[in-house]
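S.K.: Build me a model from this:
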Amino acid sequence: MLQLSAKKRYVYGAIVFIWIIIPSIEITLSALITDIVQGTCVRFPIYNSYVVMKTVGFFFIFFSYLLPLPLMVFCYARIILALRSEVVLP
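M.R.: Below is the predicted model:
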């Protein structure tokens, strides 16, 4: 069995989370809140309430932007710090 260090497990976990789990959640939510009515794709046909629309919108914004953004900033900061220690400035 392949043994991974803790850092690699965190990196691979973050990649899986951002690229597989979040889109899966968003696709599932999209499928649940849309329906075809008279040949047209309609959003929120079943749960036509303001609270549901607001909640689903919050989840989309959270999973699409607010959650991945700090994770990407953290990862890029780590990359910059690692490269900075490798590069010798004159």
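S.K.: how about the strands of this protein, start to end?
M.R.: 34-37, 40-43 (DSSP state E).
S.K.: between the ones you listed, which gets nearest to V16?
M.R.: strand 34-37 (26.2 Å; Cβ to Cβ). (Glycine included, C-beta is placed from N, CA and C.)
S.K.: Restricting to C-alpha, output that closest one in CSV.
M.R.: Taking Å, rounded to 0.1, in the frame of the first residue of the first chain, the C-alpha atoms of strand 34-37 are listed here in CSV:
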residue,chain,number,x,y,z
THR,A,34,-35.0,22.3,-11.1
ASP,A,35,-37.8,20.7,-13.1
ILE,A,36,-39.1,20.7,-16.7
VAL,A,37,-42.5,22.4,-16.9
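S.K.: Could you check how far it is from the centre of its chain?
M.R.: From the chain centre to the centre of strand 34-37 is a distance of 25 Å (Cα atoms, centre = their mean, to the nearest Å).
S.K.: pLDDT (mean, whole number) over it?
M.R.: Mean pLDDT, strand 34-37: 75.
S.K.: Could you check it and say which residues are buried?
M.R.: The neighbour-count check on strand 34-37 (16 or more other Cβ atoms under 10 Å) flags nothing as buried.
S.K.: The lowest-mean-pLDDT helix or strand in the chain pairs with which strands, and in what direction?
M.R.: Within the chain, no helix or strand scores below strand 40-43, which has a mean of 73 by mean pLDDT, DSSP states H and E. Strand 40-43 sits in its sheet next to strand 34-37 (antiparallel), going by DSSP bridges.
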